[in-house]
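In: Return a 3D structure for these sequence lines:
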Amino acid sequence: MANIANRAYAAAHFALELDGKDEVGLFRSLEGGGVKADVMTYQYGANEQTKDFTRFRQLGKPKFEDIKLQVGMAMSQTFYKWVGEFVAGNGSRKNGAVVAADFYYNERARRNFKAAMIKELTFPKLDAQDKNAIYMGITLAVEDIEFLKGTGKKLDVPKGFNAQKLWTANNFSFTVDDGKLKDACHRVTKIDSFTIKQNTVEYHAGGYKAAIKTATPVEFPNLTFYVPEADAQPFMEYMSRTVGFGGGGPGNVPKDREASVLNGEIQTFDAENHPLMSVQFKGADIVSITPDRSDATSEEVKQVKIELYTEKMTIDYPAMELE
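Out: I've put the predicted structure just below:
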């Protein structure tokens with residue numbers, strides 16, 4: 001009979017380890033984390049007698065694919081802190097491992113990685129009509145990966161593993177600090193998904209076979225949300241004043257541009273209305289206002305799409321002790 005450790009298995013659970021610590025959380029899915037190498041081709045000058053045009057090939061430097069994770073609310077404070085530092089522009093490098101386990105939580109395979117940096121954070125779409133669980137996307141850029149067999153030990157399931165089932169798309173709030181706009185935000189129906197990025201630049205140095213990856217400045221996205229057209233008038237008046245069009249007129253553009261900058265927050269909750277995670281944004285202003293298409297045959301409430309640019313974001317996670 002074949003050894004149990006060598007049997008084929010279906011990876012049902014995945015865990016993340018950071019800086020030598022035990023599991024810092026279970027996540028929904030894993031993608032990437034492979035390795036490849038470019039093929040270099042060369043040939044000698046043609047030999048007129050033998051007519052030898054043979055080309056020779058050899059492998060170049062290894063390249064490691066980004067690791068993409070889908071995570072819910074079942075990660076530890078170590079992971080939450082790392083993500084918060086990334087959004088704040090103080091991201092750090094971490095060594096760790098991605099562990100694959102079978103249905104019984106027995107470790108079957110692992111990939112150890114070195115010098116990992118968070119490259120992207122994708123916040124999920126929020127929709128008041130959607131009751132499904134949602135997950136956040138995390139992309140890690142790594143400098144080295146080692147493939148190993150699993151140790152066979154059983155994974156420790158975090159205390160808050162079931163908490164990710166509580167993070168649904170329909171429990172959220174959206175607010176801004178402007179008085180009139182704050183009142184108009186109480187019926188925001190949707191917030192589109194957005195991605196915070198920090199691209200990496202490869203630095204090739206003598207003595208290092210693989211490239212060293214360095215971080216670039218964090219890029220903050222625009223935020224897009226939707227309100228019923230009945231609540232959109234304050235936003236239209238605000239943009240008319242700040243940009244200068246329609247009844248506002250160029251003469252009504254504020255002399256002090258700081259007066260028109262908005263700060264705000266996206267807050268998510270569980271089914272019992274307990275805070276789960278919040279995203280604060282600063283230095284925002286309205287970029288566009290787009291009413292829905294008008295259709296006499298439609299029975300849906302007419303919405304208005306509003307887009308904001310942002311200069312900075314921060315993320316706060318719940319104080320959940322999952323370790």
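
In: Only C-alpha atoms from now on, for both contacts and neighbour counts.
Out: Noted.

In: just checking, I196 touches F220?
Out: Yes - with contact defined as Cα atoms under 8 Å, I196 reaches F220; the gap is 5.2 Å.

In: Which positions within stretch 234-244 qualify as buried?
Out: P234, F235, M236, E237, Y238, M239, S240, R241, T242, V243, G244 (16 or more other Cα atoms under 10 Å).

In: same question for stretch 297-305, mean pLDDT?
Out: For stretch 297-305, mean pLDDT rounds to 82.

In: before we move on, the earlier item: can you tell me which of the buried residues of stretch 234-244 are in helices?
Out: P234, F235, M236, E237, Y238, M239 (DSSP state H).

In: For A184, see how far away the second one is.
Out: Going back to what we said before, that points to F235. 8 Å (Cα to Cα, to the nearest Å).

In: now swap in V83 and tell me
Out: According to Cα to Cα, V83 stands 31 Å off from A184.

In: Tell me which of those two has more neighbours.
Out: V83 (24 against 20; other Cα atoms under 10 Å).

In: How is the more buried one assigned, secondary-structure-wise?
Out: Following DSSP: H, G, I helix; E, B strand; the rest coil, we place V83 in the helix state.

In: hang on, it packs against E120?
Out: No - judged on Cα under 8 Å, V83 makes no contact with E120 at a distance of 9.8 Å.

In: Measure how far the host helix or strand of E307 is from the centre of its chain, please.
Out: Per DSSP states H and E: E307 is located in strand 303-309. Relative to the chain's own centre, strand 303-309 is displaced by 21 Å; criterion: Cα atoms, centre = their mean, to the nearest Å.

In: By neighbour count, which bits of the next helix or strand along the chain from it are buried? Give me those.
Out: Per DSSP H and E, the first helix or strand lying C-terminal to strand 303-309 is strand 312-316. For strand 312-316, the neighbour count (16+ other Cα under 10 Å) marks K312, M313, T314, I315 as buried.

In: low-scoring stretches of this protein, by residue?
Out: Under the criterion pLDDT under 70, the flagged ranges of the chain are 1-11, 21-24, 46-51, 74, 157-165, 246-260, 296, 318-323.

In: separation between the residue nearest the centre of the chain and Y317?
Out: Computing the C-alpha centroid of the chain and ranking residues by Cα atoms, centre = their mean puts L121 first, at 1.8 Å. According to Cα to Cα, L121 stands 14 Å off from Y317.

In: pretty sure M313 contacts G89?
Out: No - using Cα under 8 Å as the test, M313 is too far from G89 to be in contact (9.5 Å).

In: hang on, N112 packs against I67?
Out: No - N112 lies out of contact with I67 (Cα under 8 Å); the separation is 11.6 Å.

In: Dihedrals phi and psi, V301?
Out: phi -70, psi 130 (degrees, to the nearest 10).

In: Show the contacting residues for it.
Out: By Cα atoms under 8 Å, 6 or more residues apart in numbering, the residues touching V301 are P228.

In: now, among the buried residues of stretch 234-244, which is nearest to S76?
Out: The closest of those to S76 turns out to be F235 (Cα to Cα; 38.9 Å).

In: how about the closest residue in space to that closest one that isn't next to it in sequence, secondary structure?
Out: In space, F235 comes closest to L181 once its chain neighbours are excluded; the distance is 6.5 Å by Cα to Cα, 6 or more residues apart in numbering. Recorded secondary structure, L181: helix (three-state DSSP).

In: what's the neighbour count on L181?
Out: Neighbours around L181, by other Cα under 10 Å: 19.

In: Double-check it against P234; I have them as touching.
Out: Yes - assessed by Cα under 8 Å, L181 is found in contact with P234 at 6.1 Å.

In: hey, C-alpha coordinates of stretch 96-115 in CSV?
Out: Provided in CSV are the C-alpha atoms of stretch 96-115 (Å, rounded to 0.1, in the frame of the first residue of the first chain):
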residue,chain,number,x,y,z
GLY,A,96,7.2,33.1,5.1
ALA,A,97,5.4,30.2,3.5
VAL,A,98,2.2,29.2,1.8
VAL,A,99,1.0,25.9,3.1
ALA,A,100,-1.4,23.5,1.3
ALA,A,101,-3.4,21.1,3.5
ASP,A,102,-5.9,18.3,2.7
PHE,A,103,-9.5,18.1,3.9
TYR,A,104,-8.4,17.1,7.4
TYR,A,105,-6.1,20.1,7.7
ASN,A,106,-2.9,17.9,7.4
GLU,A,107,0.0,19.8,5.8
ARG,A,108,0.8,18.2,2.4
ALA,A,109,2.9,20.8,0.6
ARG,A,110,4.5,24.2,1.2
ARG,A,111,6.2,27.0,-0.7
ASN,A,112,8.7,29.0,1.3
PHE,A,113,9.2,32.5,0.0
LYS,A,114,11.7,35.3,0.9
ALA,A,115,11.6,39.1,0.8
